[in-house]
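[1] output the structure for:
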Amino acid sequence: MSPKPALGKGLKALIPQNEPVAALSADLPPPIAKNWVMEIPLNRIRPNPSQPRSRFNESELDDLADSISQHGVLQPVLLRELPDGDFELVSGERRKKAAELAGLTAVPSILVNPDNSVGSLTMALVENVQRADLNPIELARAFFQLSDEFGLTQDEIARIVGKSRPHIANTLRLLELEISIQLGIQEGKISAGHARAILSAPEPTRAALYRRIVVEGLSVRQAEKAARKIAKRVVKSHSVKVTDVASDDPIVVSMISDMQRSIESSLDRKVTINRKKRGGGNIVMEFYSDRDLETLVERLRKK
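    Residues are numbered from 1 along each chain as shown. Down below sits the predicted model:
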């Protein structure tokens, strides 16, 4: 039995050195020799559905295609054999795309056997993490997929990719940001450090802080300082104010104050309870944007 690849140590352990290159006929492929370098036709290689990377820099792809045109594909891609005789890309999608741009019809490949989808995802993930090819949101989505679909804990994910558990937790938190901010991270408008600063601000204020960072070009340290100021301001505005014209009874006032604090804590916003002398009254809840109003309504529906 061949040893299992040490994913946490990278992909180099999967690639044997100085192995012979075997030609693969498109008409009648020979028996597959595991861990041998072979020339596999590009039209028989399917993309990896578990590939965590969703964006490729076109300029870098063009540069790599030029290099491949001159020197060929120097590092084999990793494939696994499919039941129908074709192959699925495990890692090396960037090289495959560049080879296609360069006009190649086949690429040097090594066949490996991830025993399931999580194996395929982790191998692709490790390569991209080590090459720093994933943006923070792509990385967060890959970690989430490992956790949500395959049931891996944050400690297990940390061991697979060679990162600390807090790094995994902080990266996953980026998915708590609204989509427009996530897109800003993907497009390079803000860094992961900026994103962590935004996450430290109260949820209703995050979109405004994001826009300020982009427009004013705030550094990470400036963004962190702005987030702290916003948090202090929101906490101060959430101080309890009960309008109770019905009674001076401290028990009644205390009861309403407790209710108000509970609602504010549950809905994360300023709340005012107005009670009439003969009972009844109204509850006033603030919202900070149209999106925040939609969020508030959705929370109330769930409750």
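[2] which other helices and strands does the helix or strand residue 183 falls within contact?
    Element membership for residue 183, per DSSP states H and E: helix 179-186. Secondary-structure packing of helix 179-186 (3 or more C-beta pairs under 8 Å, 6 or more residues apart in numbering; DSSP states H and E): helix 136-148, helix 192-199, helix 206-216. (Each C-beta comes from the backbone N, C-alpha and C, glycine too.)
[3] in that helix, what's buried?
    181-182, 184-185 (16 or more other C-beta atoms under 10 Å).
[4] CA atoms only for it, dumped as PDB, please.
    Extracted in PDB, the C-alpha atoms of helix 179-186 (Å, rounded to 0.1, in the frame of the first residue of the first chain):
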ATOM      1  CA  ILE A 179     -21.600  40.700   0.500                       C
ATOM      2  CA  SER A 180     -20.500  44.100  -0.600                       C
ATOM      3  CA  ILE A 181     -17.600  44.100   1.900                       C
ATOM      4  CA  GLN A 182     -16.600  40.600   1.000                       C
ATOM      5  CA  LEU A 183     -16.400  41.700  -2.700                       C
ATOM      6  CA  GLY A 184     -14.200  44.600  -1.600                       C
ATOM      7  CA  ILE A 185     -11.800  42.100   0.000                       C
ATOM      8  CA  GLN A 186     -11.800  39.900  -3.100                       C
END
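[5] what lies in contact with it?
    55, 135-138, 174-175, 177, 190-192, 195, 198, 206-207, 210, 214 (C-beta atoms under 8 Å, 6 or more residues apart in numbering).
[6] let's see it at 7 Å
    55, 135-137, 174, 190, 192, 195, 198, 206-207, 210, 214 (C-beta atoms under 7 Å, 6 or more residues apart in numbering).
[7] for the record, mean pLDDT for it?
    For helix 179-186, mean pLDDT rounds to 92.
[8] and the angle from that helix to helix 136-148?
    110 degrees (axes from the mean of the first three to the mean of the last three C-alpha atoms, to 10 degrees).
[9] now the angle from helix 179-186 to helix 192-199?
    Going by the same axes, to 10 degrees, helix 179-186 makes 160 degrees with helix 192-199.
[10] ok, back up a step: figure out which of the helices and strands packed on helix 179-186 is closest to residue 155.
    With C-beta to C-beta as the measure, helix 136-148 is the member of the helices and strands packed on helix 179-186 nearest residue 155 (10.9 Å).
[11] helices and strands around the closest one, which ones?
    Contacts defined by 3 or more C-beta pairs under 7 Å, 6 or more residues apart in numbering; DSSP states H and E place helix 136-148 against helix 117-130, helix 154-161, helix 165-173, helix 179-186.
[12] for the third one, packing partners?
    Helices and strands in packing contact with helix 165-173 are listed as helix 136-148, helix 154-161; criterion 3+ C-beta pairs under 7 Å, 6+ apart.
[13] quick check: the residue lying closest to residue 94 once chain neighbours are set aside vs residue 188, distance?
    Among residues not flanking residue 94 along the chain, residue 56 sits closest, at 6.3 Å (C-beta to C-beta, 6 or more residues apart in numbering). Per C-beta to C-beta, to the nearest Å, residue 56 is found 14 Å from residue 188.
[14] nice, that's everything, thank you.
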